Every structure is written in C-alpha cells, then in structure tokens.
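Visitor: Sequence and computational prediction follow.
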Amino acid sequence: MLTLVSVAILLIAFISFTQVYTEVLWFRQIGASQVFRSMWLARGLTFLIGFVVMAVPVWLSLHLAFKHRPVYAPTTPRQENLDRYREAIEPLRRVATLAIPGVLGVLSGITASAQWSTVLEWLNATSFGSNDPQFGLDKSFYVFVLPGLRLIGDQLGMTILLSLIAALVGHYLFGGIRPGEPKGVILTKTAQWQIGITVALLVLIQAGRLWLSRYDRLNSTGGIVPGVTYVDDRAALPAMAIVAIAAVIVALLFVYTAWKGNWRISLIATATLIVLGGVSIVAYPAMVQQFQVNPSQQSLESEYIQRNIDATREAFDFSDIDVTAYDPSTSGERGALREDAETAASIRLLDPNLVSDTFRQLQQVRPYYSFPQQLDVDRYNIDGQKQDTVIALRELNPSSVNNQSWYNRAIVYTHGFGVVAANGNQRNPDGEPKFMESDIPPQGDFPDYEPRVYFGENSPEYSIVGAEKGATPRELDYPSDEEGGSGQVNNTFTGNGGPSVGNLFNRLAYALKFQDEQILLSDAVNSESQILYERHPRERVEKLAPFLKVDGDPYPAVVDGRIKWILDAYTTAKDYPYSTPQPLQDATEDSTTATAPNSVSTLPDEEVNYIRNSVKVTVDAYDGTVDMYQWDKDDPVLKTWMKIFPDLIKPASQMSGDLMSHVRYPEDLFKVQRELLNRYHVTSASEFYTGQDFWTLPTDPTREATSGLTQPPFYMTLQMPGQETPSFSLTSSFIPARSSQGESRNNLTGFLAADADAGNTKGEVSEGYGKLRLLQLPRNTTVPGPGQAQNNFNTAPEVQRSLNLLRQGESQVQNGNLLTLPVGGGLLYVQPVYVRSAGETSYPLLQHVLVAFGEDIGFAPTLDEALDQVFGGDSGAQAGDAGAAGSGASGASGGIGEGEGEKAPAGDLEEALQQARKAMEDSDKALKAGDFAAYGEAQDRLKKAIDDAVAADPSIAEGDGASAPTEAPAGEGGN
C-alpha cells in the first residue's frame, strides 16, 4: 500500500512538474523568460511571507500554552474530567501543534500569492503628479500603496485573531485557563500575559485598519456620487479618526491588564469603544444626513459632486473633450454636400457584420477555411489614396476537416492562408464586394506578403510543425489544380514559433500537458519539430502580460510584408480617488458581441475607475512573435509595470511607418467612454444633481435577434464640424435617458467621434489622434435618433413597395449598419440594403441604399443616387459607388414623398413583372451551377425589371398585393 501511495505521489509531482516545465519552455521561446521568473518569484515570496506570518504566530500560541502549562493535582470532579480529556488528546498534541499552523499557513500563503501584483505595484509605485482634494496625498497612494497596506492589515488581523483563538483553546486544554470555584475563571500568569498582549495587538491592528478606511472613503459608492460626501467630510471621517485613537488607548489598557491582571477595566473600555463607534460612525452621520443634508442636498453636496465629475473625466481620459453646440438643419438643399465631398466619397457601404457569408461563398475556396462572423474595418493606401477597407483572414477551420484523425489535425492542417479585403465604399454592379485583395495565391493591390496564418482567432489548440532539411513537406498549404486532376501544395514551417519537441523528454512533457499520447508516439515528430499553442492573439498577449486588459477585437493588417494582428491593451486601476467605477463587461457589450462572440468579445467582468490605452501590441500571424509598444508615455500604471518588467515593452518610436498607418483608436475604450459620457457630458454639479440632461445609448435598430442591445460604434472616414480635414474616426450617437418608467424619446441628443488615425506611413504620429469631439444638439431637437430613422425607413411606402419586390422568390432583405454622419449642416443617415436568397449557399448582396436627411428619405441602387434624391437632385458630391449599379439600375430622380407620378400602361407593368420572374429563375439556375458571371447578368436584369415595375405603377400594394406576381420561383438562388 505504501508503495502505491508513493508511486501516486511521484506521478502527481511529475505531472505538476511538466506543467511548470512547459510554461518555462513557452516563455523562453517567446523571449520572455524574465517575465516568467519575476511572476513566479513574486508568487513564491508572497506565498512564503503569507505562510510564515500566519503559521509562526499560531504555532507560537499553541507552543507557549503547552510549554507553560501548570502542574497541579485536580481538586474537583470538573478538573478530573478535564484531565482525562487532556490525557486522551496527548498522543495527537504534537501533530496538531504542527499541522494546524501548517494548514492555516498554506491557506494564508495561497491567499497572499494571489495578490502578487498588488505587492509589486506597491513596491514599484510611480507618482501621478497630482493630489486628492480631501487629504492632499498623491493619487499613487490610493492606486498603489493603499491596496498593499489594506492587504497587510487584513493578513495581520486574521493572523492575530486565529492566534488568539489558538491561545484560548491551548491554555484551556493545558490548564492555563481553568474554572474557578464556585464561579469565575482562573488564568495563569503566562496565560494572562499571552492573552492580554494578543488582544492588545488585535485591537491595535483594528485601529490601524479603521484609520486606513478613512482613505477608502474616497472610493466609497454609498453616497450620492462615489467619493467623500458632505456627511463623510463633516461627520464620518472625524468620527473614524476619534474611534481609531480611542482603540489605541484600549489596546494600551489590555497591555496594562496583561501586567496587572485586572480585566474589568479593559472589558469596560472595549464595550465603551464599541458603543462609541456605533454612535459616532453610524448613528451621528445618519442624523446629519437626515436632518441637515437631505433638506439642502444640492447646495451641500455640490462641492463633492464636482470632485466626482472632474475625477471621472480625468480617470477615463475624456477631460479635454471638445464640445460643440450643433443645431442641425433638417432640410436637404441642393448641393449641400459640396463642402463634405471627401466624407461623402468615403461613406462605408460594406457592413462587416453582414458580409462574412459573402466572403465565405466567394473566397473560402475550401470548406476547411473560414472567415470570422464579424469582419474588421481598417484603411489602406492604394495608389496614393487612403481607403476604408473591410478585411479578414482566410483562417483554418479545424472542425470542417473531413478526416478528423490526429495526424490531420496536428500535422497536416496547421494554418490558414491569405488576406481578403474589399473597398468599404464601393461594390460591383451585381452587389458583390469589390475586392482589392483576394484569391489563393493572393492577388490584388497589396504588396507581396507572407500569407500563412499559423496564429489566429480560429487556430487549432496545437499543431506540430517543422521538419528536417530535405524532408517531404507534410503541411497542407493551399489547394491547387494540377494536370490530371485536383491537387494541393504542401509547405514546411520555417519560423521560430513554438517550443521544440525534438527530444523525448519534451515530447513526454507535452503529451502530459495536452493529455495526448500521439505527441509521444507519432513518427511525424522529428528532431526539428516545434509545437505551436496559445495561438489566439488576445490569449497570447494576456498570458505574456497578465497586468494588461486586452481589447476584445484584434484586427489583422498587412504590415511590412507580414500579416500582423494589432491589439489595444489597457492598464486599469480600481482605487482612483473620487472616480466612478465602471463595469467593463457591461460597457463593452453591444449587438456585435452578442451576434459574433467568436470574433468580438467584451472586456472582463470587472469594475475599474481608471483606464488608459497604454500599450499597442502586434502578434505575427506566421510565427507568433509578440511586440508591445509603450503608447501612453505619461501613464503611471504602465510606468510602474515597466519597472517590474523592464524589457517587455518597447518605445513607440520603434514602430514602423507601415504599422503606424494601421494603428487606430481602440473600440473598447471608446465604448467605456461613451457609456460614462451619458452622464458625465454634464460638467456642472448643479445640473448633474438634477439629472435632467442625462443621455443613453440607442439600441441597435437593425438587429432583431439582439433586441435591446446597444448599437455598436462605427469606424468610418468623416470630417466633423470644425475639423480641417476628414480623418478615420470612431463614432457613436446618443438619445435622451430613459424615464423612471423605462421610456425614452428616440431623438438625437449628441454625436461623438474619436479621431482614430494614429499616424502615417512615415511613422509620424497624428497630432489629433485620440481627440474626442462631441456635437451637442439642442435639448428641444426633433432630429430623429437611430431608432426613429429606422422606423421611418420601415414605414416609407415607396421603400416598402420596392423591398416587397426584392423579397420575391423567398429572398430575404437584410438591413446593414445604420451610419450617422454630421454633413450638409445636418445629420445624414445611411443604410445599405442587402438581399439574400434562400438556401444554405446563399449570401447577402448589396442591392440598394437608404438615406435620410431630416424627414427626407432617399432609396436607390447606389448611395450616389440616393444622396441626390434627398438633396434636390444634386447632392454636390459623388459617392464612392457612383455608377456601380450599371445603366439599368437607376432609381427615381426624386426623393421619397415627391409624388407618385402617373401610372404606365398595365401592359408595361405585366411585362416588367414577367421579366422579374424570369430573371429570378435564371439567378437560381446560375447560382446552383456556380456560374457567377451568368448570376451577375441575371441580377442586373432583375434590378432593371424591379425599377421598371415601380416606374410603371408606383402604387403597387405593400406585401403580396394584387399587382405583385402570384407565384415566385423558390430555391437557393434568386435575389
């Protein structure tokens, strides 16, 4: 039996060792051994300190109780019974004296080691350079020092409490405390000293914790706003100081008791202290609140509300936001967009939330490739012109590999291949994206680059790559048609992307780590093999730098001939004085995180009251190399961590110009800021108190499946009022806050844009990067919010008549993202309309564009035509899709509501409907046959037939009206 137990212990120990050993290999391979050593050294030392601080005092209490036990003859039956009990537990005494402190020490050490980062921040604290308005201390005291002191106070308090319990139990068991006759308790001198001093230490520590809790009030959330309130300042804080001083006096009385043995004075003092605390800290502040503050709360709390406003805006980095009063026009005049021509030409029509299936059907090539549910938006310089781009990687989809053998999963299918990118503001005549980079091998407008994607958002858990020189390649690179039939091109990984599994011990270690014996047994593993794991860009960065919180939407970019994942990383704090805490998960959740959780996620479920986008990170998609750049040079939190890990983060000056041109303002930080701006756009304490001008974020009106979730922010190129030139921006809108009954007017109250362009290809940082600009609309505005704009689109008769025709043949109409742009002196809404046929192989095609300016609505096959409709026949600008719909796709020259026009003869209508039926049938056949040229030609005929039908009878009934075709072809095709 002993042999089996020993073998089991050794086996568990070896498995545990391999887990640590593989971690060492991973950090060494990625070039961050110093990070691993520092983290484990900090964990080990804090565990050791926590163990010693707990175990030694508890052991000492038990040891002293036994060592100084009295020797006496029992004189009463009670003492005789107690002596028999002592004799019974004597065989276990030695074990218990060591085991109890040991177990408590281990638990204390585990608790302490979990706080290793708190300790390191305290020891390496960096000054904020500004003081809090209450105590005049540098804010670093609250962010770095106070959490460490709080940790020590909690640890010591628990240690002394358990030591006191151990002393009481030990002295009772060993005779140091015994019942007196006829009543009372008798203590030996040793018991008296030990218990008296221990209680004195416990009271003294509680006094220190109470004193520190005064500083915690600067982050209290119990008042009208977070931070110190009037009652705290005038009543609670002075009372806490008085009680803390009184507790020190009580502690001294317990020392006196240990010397003299008079417990009565100490116990009376303790009871008095408890009453004093209850009255002064609880009752008195409550009376002040009820009878002095509540009747005059606005005036008395004004100073403290202002502190909260200023601190929150500073802590979340929007204190210098530009606010502009904007009174938008609601009448679209001819040529109104002439001054906004560049913005109009850049309006993005391709919805990254909808076109994933389009990318998949047109560019997937094989089932074992995939695209994310939500694509990314970036910008590229093509022929000297910067263009908004919708981009995605053709990643490997391991679950779609036909033969799910270990060899295929780990050795053959190891990587994705290539970038697919399309112009954001253009489309082909058939509604498909206009690709600027596509196909396998890659071709298009991008310069040559390494197309293989070994590290991505959908990569396998692990792959084994690499081979000896001259060996036959095993990894499937991409499919290729060869003479005599279909074939494939294979490849061998030549980078340095993972730890070596070229020796038997490493193979055994990783076989245990992944619980897969094939790693140890397979002959495909050779002396040059590497194992790639931790491949998701976000998870890779979080493991390397656990002190950072990483944005939920990594995006790919072709940079310097490589595919790089670009990530934004944040430093945060929970104890910035007076700042309002914000739940990160709630703030970053919107309709995209609900519909595309695999490609866009929220920040962790934590509350913070300070955040900075301090670090920009890249992960090489080929070999997994991680580069971190210090983006915020003034952030004290990052400076602190750079003292801890001095070689981990590079200066931003080492960024290449190509990389700088793809860095953008982070989406999750923007979400957190806009959530707080719902209230903290109000900078006056008196107005903040009333709450009458608070806002909320609109729900996404285009996503029925995520009803009630917030509309996401949008990346687009635009020129804000007062801005000299257009810039790549991140935008969001606001509507009035909901009433207490949950109701909200959906009028627009504000529009926010962040300058998201970080720099150019020369490596020059944009002076305006990160600038927040807020357009504040008049409070009595009637400008529709996103929900109202969508409702206006959905109820416009002319729009619905056309959409009903598009729905023929079991086709589905899908609304794209609803963009808001401050142009033409007003606010313009733009929404692409996609049509999707029935069937598993269907995908959405951009067919029409909806536009609204004030109450005027435009609806046409192109944005260019729709803009002309709402701006008197000539918007004064040319959109990016001008002429894209071809000669047969022009819409009416006037906007919606300009008149029905005269009906054409019934024969013209019937002929148009017949042509529509024929075109849909031809679309079905072409799509099933995979003939996309014929499909595009049939779609052109369908659009022309629809336009002819509307022109022939503008009063076609909504739904399945009498004038609509009574039958429609069903099937997979037909849009």
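Guide: That came through fine. Numbering: from 1, shown residues only.

Visitor: mind listing what's buried in stretch 671-691?
Guide: Along stretch 671-691, these residues count as buried under the neighbour rule (16 or more other CB atoms under 10 Å): 671-682, 685, 688-689. Any C-beta I mention is one placed from the backbone N, CA and C, and that applies to glycine too.

Visitor: Identify those among these that sit within helices.
Guide: 671-680, 685, 688-689 (DSSP state H).

Visitor: got TSV for those residues, with distance to Asn792 too?
Guide: As requested, those are exported to TSV (distance: CB to CB, whole Å):
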residue	distance to Asn792
Lys671	27
Val672	31
Gln673	29
Arg674	24
Glu675	27
Leu676	30
Leu677	26
Asn678	24
Arg679	29
Tyr680	31
Ala685	38
Phe688	33
Tyr689	36
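
Visitor: how about JSON lines for these, with pLDDT and distance to Arg703 added?
Guide: What follows is these, written out as JSON lines (pLDDT from 0 to 100; distance: CB to CB, whole Å):
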{"residue": "Lys671", "pLDDT": "96", "distance to Arg703": "16"}
{"residue": "Val672", "pLDDT": "97", "distance to Arg703": "21"}
{"residue": "Gln673", "pLDDT": "97", "distance to Arg703": "23"}
{"residue": "Arg674", "pLDDT": "96", "distance to Arg703": "18"}
{"residue": "Glu675", "pLDDT": "96", "distance to Arg703": "19"}
{"residue": "Leu676", "pLDDT": "97", "distance to Arg703": "24"}
{"residue": "Leu677", "pLDDT": "96", "distance to Arg703": "23"}
{"residue": "Asn678", "pLDDT": "95", "distance to Arg703": "21"}
{"residue": "Arg679", "pLDDT": "96", "distance to Arg703": "26"}
{"residue": "Tyr680", "pLDDT": "96", "distance to Arg703": "27"}
{"residue": "Ala685", "pLDDT": "94", "distance to Arg703": "38"}
{"residue": "Phe688", "pLDDT": "95", "distance to Arg703": "32"}
{"residue": "Tyr689", "pLDDT": "94", "distance to Arg703": "36"}
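
Visitor: Tell me the one of those nearest Met628?
Guide: Val672 (21.2 Å; CB to CB).

Visitor: which ones are touching that closest one?
Guide: Phe316, Gln582, Leu584, Ala587, Thr588, Leu603, Ile611 (CB atoms under 8 Å, 6 or more residues apart in numbering).

Visitor: Could you do Ala573 as well?
Guide: Contacts of Ala573 by CB under 8 Å, 6+ apart are Val143, Val608, Asn609, Tyr610, Val637.

Visitor: Just name the closest of those residues to Gly44, please.
Guide: Closest to Gly44, out of all of the contacts of Ala573 and judged by CB to CB, is Val637, at 24.2 Å.

Visitor: so which of the contacts of Ala573 is the most crowded?
Guide: Tyr610 (28 neighbours; other CB atoms under 10 Å).

Visitor: Just give me the residue right at the centre of this protein.
Guide: Compute the mean C-alpha point of the chain, and by CA atoms, centre = their mean the closest residue is Leu603, 2.5 Å away.

Visitor: which residue sits closest to that one, ignoring its sequence neighbours?
Guide: Using CB to CB, 6 or more residues apart in numbering and skipping residues adjacent in sequence, the residue nearest Leu603 is Leu584, 3.8 Å away.

Visitor: ok so, going back, now list the buried members of the contacts of Val672.
Guide: Phe316, Gln582, Leu584, Ala587, Thr588, Leu603, Ile611.

Visitor: Looking at these, spot the one nearest Val71.
Guide: Nearest member of the buried ones among the contacts of Val672 to Val71, counting by CB to CB, is Leu584, at 63.4 Å.

Visitor: for the closest one, what are its contacts?
Guide: Lys549, Thr572, Thr602, Leu603, Pro604, Asp605, Glu606, Glu607, Val608, Asp668, Val672.

Visitor: Tell me the helix or strand right after the helix or strand of the chain with the lowest mean pLDDT.
Guide: Lowest on mean pLDDT, DSSP states H and E among the helices and strands of the chain sits helix 906-929, with a mean of 71. Next helix or strand after helix 906-929 toward the C-terminus (DSSP states H and E): helix 932-952.

Visitor: Against which helices or strands is that following helix packed?
Guide: helix 797-806, helix 906-929 (3 or more CB pairs under 8 Å, 6 or more residues apart in numbering; DSSP states H and E).

Visitor: mind putting those helices in JSON lines, distance to Asp357 and mean neighbour count included?
Guide: Converted to JSON lines, the helices and strands packed on helix 932-952 look like this (distance: least, CB to CB, whole Å; neighbours: other CB atoms under 10 Å):
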{"stretch": "helix 797-806", "distance to Asp357": "18", "mean neighbour count": "20"}
{"stretch": "helix 906-929", "distance to Asp357": "13", "mean neighbour count": "19"}
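
Visitor: Would you reformat those as JSON lines and include distance to Pro646?
Guide: Listed next are those as JSON lines, based on distance: least, CB to CB, whole Å:
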{"stretch": "helix 797-806", "distance to Pro646": "61"}
{"stretch": "helix 906-929", "distance to Pro646": "59"}
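
Visitor: which stretch among those helices comes nearest Tyr533?
Guide: helix 906-929 (40.4 Å).

Visitor: tell me the strands in the stretch 401-550 of the chain, going along the chain?
Guide: Remark: strands assigned in the stretch 401-550 of the chain by DSSP state E, counting those that start in this stretch are 416-417, 419-427, 433-438, 443-444, 452-453, 462-465, 475-482, 485-491, 530-533, 549-550.

Visitor: and the second one, C-alpha only, in CSV?
Guide: Extracted as CSV, the C-alpha positions of strand 419-427 are listed here (Å, rounded to 0.1, in the frame of the first residue of the first chain):
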residue,chain,number,x,y,z
VAL,A,419,-5.9,38.1,-46.7
VAL,A,420,-9.2,39.0,-48.3
ALA,A,421,-10.0,42.7,-48.4
ALA,A,422,-12.7,44.8,-50.1
ASN,A,423,-13.3,48.5,-50.6
GLY,A,424,-15.6,49.8,-47.9
ASN,A,425,-17.3,52.4,-50.1
GLN,A,426,-17.7,50.5,-53.4
ARG,A,427,-19.3,47.4,-54.8
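
Visitor: What are the contacting residues of that strand?
Guide: 345-350, 355, 359, 363, 371, 377, 380, 387-394, 433-438, 442, 444, 446, 449, 451, 556, 558, 563, 846, 879-881, 884.
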